[in-house]
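Novice: generate coordinates for the sequence data below:
(one chain, ligands or ions: 1)
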Amino acid sequence: MSEATETSVRAEVRAWLEANWSADLGLVAWRNMLADSGWGAPHWPSEWYGRDLPPGLVPAVDEEFQRLGAVGVAKAGIRTLAAATILAHGTEMHKRKFLRRILTGEDTWCQLFSEPGSGSDLAGATTRAELRGNKWVVNGQKVWTTSAHHAQYGLLLARTDWDAPKHQGLTYFILDVEQPGVEVVPLRQMNGHASFNQVFMTDAEVAPEFMLGALGEGWKVATTTLMHERRGADALRAWAQGSTREGRIYDEERAEIATVMEPYKWYPQRAGRVDLVLPRAEATGGNADPVLRQEIAKLLILSKTAEWTARRARTAQEQGRPQGPEGSLGKLVSSHVARKAAGVHTLISGADAMLTAEDSPLDGVIAEILVSTPATSIAGGTDEIQRNIISERVLKMPKEPRVDTDRPFRDIPRNIVG
Ligand SMILES: Cc1cc2nc3c(=O)[nH]c(=O)nc-3n(C[C@H](O)[C@H](O)[C@H](O)COP(=O)(O)OP(=O)(O)OC[C@H]3O[C@@H](n4cnc5c(N)ncnc54)[C@H](O)[C@@H]3O)c2cc1C
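Specialist: Residues are numbered from 1 along each chain as shown. Predicted coordinates for the structure are as follows:
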């Protein structure tokens, strides 16, 4: 596939789809065919359900799927982070056991990283894993865990060595979330949804072969997951739309979206819904107000430049070049856009923006925007953390003084007893 061109790839995928695609197939059966053919994840290695295609050619494959209305592999949610991490660090057994079922959508994953005392300071995790006999035994608490309430597996960051410095005492595991030692408790957010959970682990068990990466290398493996999370923030915001077409496979896909995408239902609102600003300004007559017009113009300029910057980053990635500063700026700028959009929606709707009943602006969607946009500044690394990254790694400014990396973790003062 190394000399593949867009024309040859389009011809090849079109021929394969025309020979194999049918809306009467079951969703899992079809996705197994995609895994076998490599067309479901064509940028993955050919020995693991892919075709070694350069990422730049994947959009052409997607377009051919859309042209026929063919359903793709399961992509939404933490499963994409699980796949990327397993592909980079997993053993042969991990790849065989998990990758196919990630593509078919049979398994749902969650990310067990954040804890009450370690979110931004992720390397300060105090959930402990101890080797007892031939099992790792896990005790501790995670929080903010999206989708844990319907996940089979969790990407777990746990402390295995309290005498090593902070970043070196962590190990990465694949945890069976459905075992008795794991209790998942949903949290209700201020926008009314319950996407996150607290996860309590009490003598939960992990067999040694489900360690991902080497003992003490959890931070390195977690960095792979986080890189993909920040890069994928845009993709996650693209709300999966079920097709309106008829056929068994579309019914099954709609049912899947209803369950798997439930925690992400409010994600478009979280991004600020810039798309609703002009129609709302026209509908309310706000577009005649000179002050409001200026604010709308500022928002649209910010949003467009953010979009172009993101496209530059994506193109660099597709062409195999380093992303440069655009990658780091994208996450931070999306927070600015979301906040500004919430402000403009408030200016357009006035106090009515707070209403949620049926006769409220857009049936409560505007209110949902106002209480959802703060999440953009927190998820996947807060604005302040992004600023630290930009100043230290992009602008090469002096690093923040650290007093917690030069001594055993157990000697670092913490606000939670570990
Ligand atoms: C929508 C959403 C989905 C999420 N899903 C998951 C998930 O599935 N799994 C998971 O593990 N986690 C998840 N999270 C958690 C998320 O990663 C954390 O909330 C985030 O990393 C911040 O950590 P924290 O909430 O503990 O805040 P803290 O780290 O306690 O930060 C509190 C405040 O202090 C500031 N601050 C902290 N350190 C510094 C510093 N060094 N310099 C300057 N300011 C600083 C922060 O910017 C913030 O304003 C999710 C969060 C959201 C909002």
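Novice: ok, and the closest non-adjacent residue to the residue of the stretch 201-350 of the chain found nearest the ligand?
Specialist: Going by Cβ to the nearest ligand atom, the ligand is nearest to Arg270 of the stretch 201-350 of the chain, at 6.9 Å. To be clear about C-beta, it is placed using only N, CA and C from the backbone, and glycine gets the same treatment. Computed as Cβ to Cβ, 6 or more residues apart in numbering, the closest residue to Arg270 that is not its neighbour in sequence is Ser372, at 4.3 Å.
Novice: please state the offset of the helix or strand harbouring that neighbour from the chain centre?
Specialist: Using DSSP states H and E, Ser372 sits in helix 365-372. Chain-centre distance of helix 365-372: 21 Å, with Cα atoms, centre = their mean, to the nearest Å.
Novice: can you check stretch 76-84 too?
Specialist: So, by Cα atoms, centre = their mean, the centroid of stretch 76-84 is 7 Å from its chain's centroid.
Novice: what pLDDT does the residue found closest to Ser391 once you drop the neighbours it is linked to in the chain get?
Specialist: Of all residues beyond its chain neighbours, the one nearest Ser391 is Met397 (4.3 Å), with distances taken as Cβ to Cβ, 6+ apart. At Met397, the model reports a pLDDT of 95.
Novice: what's the neighbour count on the residue of the stretch 101-250 of the chain found nearest the ligand?
Specialist: When scored by Cβ to the nearest ligand atom, the stretch 101-250 of the chain has Gly119 as its residue closest to the ligand, at 1.8 Å. By other Cβ atoms under 10 Å, the residues close to Gly119 number 16.
Novice: quick check: it touching Thr145?
Specialist: No: counting by Cβ atoms under 8 Å, Gly119 does not reach Thr145; the two are 11.8 Å apart.
Novice: between these two, what contacts are shared?
Specialist: Common contact partners of Gly119 and Thr145 (Cβ atoms under 8 Å, 6 or more residues apart in numbering): none.
Novice: which parts of the helix or strand hosting Asp251 are buried?
Specialist: Using DSSP H and E, Asp251 maps to helix 248-260. Buried residues in helix 248-260, counted by 16 or more other Cβ atoms under 10 Å: 249-250, 252-253, 256-257, 260.
Novice: got it, and stretch 393-412?
Specialist: Applying 16+ other Cβ under 10 Å to stretch 393-412 flags 404, 409, 412 as buried.
Novice: pick the one among those residues closest to Ile378.
Specialist: Closest approach to Ile378 among the buried residues of stretch 393-412 (Cβ to Cβ): Asp404, at 22.1 Å.
Novice: which residue, neighbours along the chain excluded, lies closest to Gln152?
Specialist: That would be Asp107: by Cβ to Cβ, 6+ apart, it lies 4.8 Å from Gln152.
Novice: now Pro45
Specialist: Setting aside the residues directly before and after it, Pro45 is nearest to Asp52 in space (Cβ to Cβ, 6+ apart), at 6.1 Å.
Novice: quick check: phi and psi at the one you found.
Specialist: phi 60, psi 30 (degrees, to the nearest 10).
Novice: care to break this structure down by domain?
Specialist: With domains defined by automatic domain parsing, the chain comprises 9-73, 79-234, 266-380.
Novice: how far away is the residue nearest to Pro45 from Pro42?
Specialist: Asp52 is 8 Å from Pro42, where distance means Cβ to Cβ, to the nearest Å.
Novice: likewise for Leu57?
Specialist: Taking Cβ to Cβ, one finds Leu57 at 7 Å from Pro42.
Novice: and Asp161, by the same measure?
Specialist: Distance from Asp161 to Pro42, by Cβ to Cβ: 40 Å.
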